[in-house]
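>>> Got a sequence here, can you build the structure:
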Amino acid sequence: MNNFKAGIYKQQLEYKSFLPNKINHEFKLDDKDILLLLEKAVFYLGQLEAFSQFTPDIDLFIKMHIYKEATLSGKIEGTQTTMDEAVSPKEAVLPEKRDDWQEVQNYIKAINFAQEELKTLPISLRLICKIHEILLSGVRGEHKNPGEIRKSQNWIGGSSLKDAFFIPPHFQDLPDLLSDLEKFWHNEELQIPILIKVAIFHYQFETLHPFCDGNGRMGRLLIPLMLISKNIISKPSLYISSFFEKNKGSYYDSLTVVRNSNNIKQWIKFFLTGIIETSENGQNTLKNIITYKEKIDTSILQLGSKATSAKELIRYMFAKPILNIGMAAENLNCSFGKASALIQNLINLNIIKERTNGARNRYFELNGYLDLFK
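Numbers count the residues shown, from 1 in each chain. Okay, here's the model as predicted:
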């Protein structure tokens, strides 16, 4: 990796775009710090996967992991949706915040769609374009050719090409570079550990910036999907955007350092550190959920004959932690009055709380559960 060359700046008509070198070749791992971080990252990621395998109702909790990943990935791009808003029905979100809310919902739709597609399709440019189309449907960027590789020059930072912070490769160079990226991912002859391969892929994808918009979200969304495709994890339990958002400056700096000084080792160390921290946090969240669920189950026993319905409602709220009485009644297949009474029982036990202060359209939240993801 000491001999890694990121690429060159290529003169266009009135600007210079960055032309990255191809990556479908062997990378020699000769850095002890990277090897130690890699060992630790594999260990913590393995622990997260093992813990998720033995957690009851894991699919309910994974939905919240996806909400968190979607919310934080959007936040990196300037979306202002909070975790509370992300899990709320659209009607409970302020009108001025619904565009940001929709971006988060699109991210969730995209990753859920991709998980299903991965059962029959490999990670490929075709699949990436399908995911990107969902990601930008009906939100900012919907007029920038969702699902299509760009046929114009884009840039990062600044107001135009004249003052841009970074100018990705010219669109005419993209077909060859994207083909190389796809071959790199599927080249089984390369003796490169999967986590290192994902790190290099992410760097190259963000450098190519192959779409007119949504490249950051798309690149981050691919990280858990690539790990799923290689059976490193079975579900998107990793919310690495949490680490990227917390270290936003370092995230962009680490990518920039590769292009400016060929130091890909710095980026890989940063990426592996993110895998370690995120895996550890994800495992701790699952542990806290189990403890929380046990506490809730014990409290619900006080409701006697209503305990079964209460458990069913709480189980529903593990996937949708903010609801109204109508949603509760529909889920329980009972009358509005019975659902309202049950919710009041759960409020009295301090299991849920009202978040609308007696307003006409009342919403309730499983607040202790939500707090575990904040």
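>>> Point out where this protein drops to low pLDDT.
357-360 (pLDDT under 70).
>>> Can you pull the domain assignment for it?
7-285, 290-371 (automatic domain parsing).
>>> Deepest in the core, which of the ones you listed is it.
Among the domains of the chain, ranked by average contacts under mean count of other CB atoms under 10 Å, first place goes to domain 7-285 (a mean of 18). No exception for glycine: its C-beta is placed from N, CA and C like everyone else's.
>>> Would you mind measuring the gap between the ends of it?
Terminal residues of domain 7-285 are spaced 41 Å apart (CA to CA, to the nearest Å).
>>> Which element, helix or strand, includes Lys5?
Assessed by DSSP states H and E, Lys5 sits outside every helix and strand.
>>> can I get the domains of the chain in a markdown table with distance to Met1?
Putting the domains of the chain into a markdown table (distance: least, CB to CB, whole Å) gives the following:
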| stretch | distance to Met1 |
| --- | --- |
| domain 7-285 | 5 |
| domain 290-371 | 40 |
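>>> Contacts only, for Leu48.
233, 237-238, 279-280, 282-283, 286 (CB atoms under 8 Å, 6 or more residues apart in numbering).
>>> what's the offset of the host helix or strand of Thr298 from the middle of its chain?
Assigned by DSSP H and E, Thr298 belongs to helix 264-300. On the basis of CA atoms, centre = their mean, to the nearest Å, helix 264-300 sits 14 Å off its chain's mean C-alpha point.
>>> Could you list every helix and strand in contact with the next helix or strand after it?
For helix 264-300, the following helix or strand on the C-terminal side (DSSP H and E) is helix 307-319. Judged by 3 or more CB pairs under 8 Å, 6 or more residues apart in numbering; DSSP states H and E, helix 307-319 is in contact with helix 58-76, helix 264-300, helix 325-332, helix 336-348.
>>> what about stretch 157-168, how long is it end to end?
With CA to CA, one end of stretch 157-168 sits 11 Å from the other.
>>> Which residues does that stretch contact?
Contacts of stretch 157-168 (CB under 8 Å, 6+ apart): 14-18, 153-156, 207-209, 256, 259.
>>> Of those residues, which pair is most distant in space?
Comparing all pairs in the contacts of stretch 157-168 by CB to CB, the longest separation belongs to Glu14 and Thr256, at 22.5 Å.
>>> element containing Arg150?
Arg150 belongs to no helix or strand, assigned by DSSP H and E.
>>> ditto for Tyr9
strand 7-11.
>>> same deal with Asp163?
Counting by DSSP H and E, no helix or strand carries Asp163.
>>> Equivalent analysis for Arg217, please.
Using DSSP H and E, Arg217 falls in helix 215-229.
>>> what packs against that helix?
helix 58-76, helix 98-117, helix 125-135, helix 194-208.
>>> Taking helix 125-135 as reference, get the angle to that helix.
130 degrees (axes from the mean of the first three to the mean of the last three CA atoms, to 10 degrees).
>>> moving C-terminal of helix 215-229, what's the next helix or strand?
The element immediately downstream of helix 215-229 (helix or strand, assigned by DSSP H and E) is helix 241-246.
>>> after that following helix, next one along is what?
Criterion used, DSSP H and E; the element after helix 241-246 is helix 248-261.
>>> name the helices or strands packed onto that next one?
helix 194-208, helix 264-300.
>>> For Lys68, which of those is the nearest?
Between those, helix 264-300 lies closest to Lys68; by CB to CB that is 8.8 Å.
>>> Just want the angle from the closest one to helix 248-261.
Using the same axes, to 10 degrees, helix 264-300 lies at 160 degrees relative to helix 248-261.
>>> ok, now which ones touch Tyr203?
Tyr203 neighbours (CB under 8 Å, 6+ apart): 255, 258, 264, 267.
>>> could I get the residues you listed as JSON lines with distance to Ala70?
Formatted as JSON lines, the contacts of Tyr203 follow (distance: CB to CB, whole Å):
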{"residue": "Leu255", "distance to Ala70": "21"}
{"residue": "Val258", "distance to Ala70": "27"}
{"residue": "Ile264", "distance to Ala70": "28"}
{"residue": "Trp267", "distance to Ala70": "24"}
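>>> from the residues you listed, which two are the most distant?
It's Leu255 and Ile264 that sit farthest apart of the contacts of Tyr203, by CB to CB, at 10.0 Å.
>>> got the contact list for the residue most central in space within the chain?
Geometric centre of the chain, nearest residue: Glu69, 3.5 Å, by CA atoms, centre = their mean. For Glu69, the contact set (CB under 8 Å, 6+ apart) comprises 107, 111, 220, 224, 236, 238-242.
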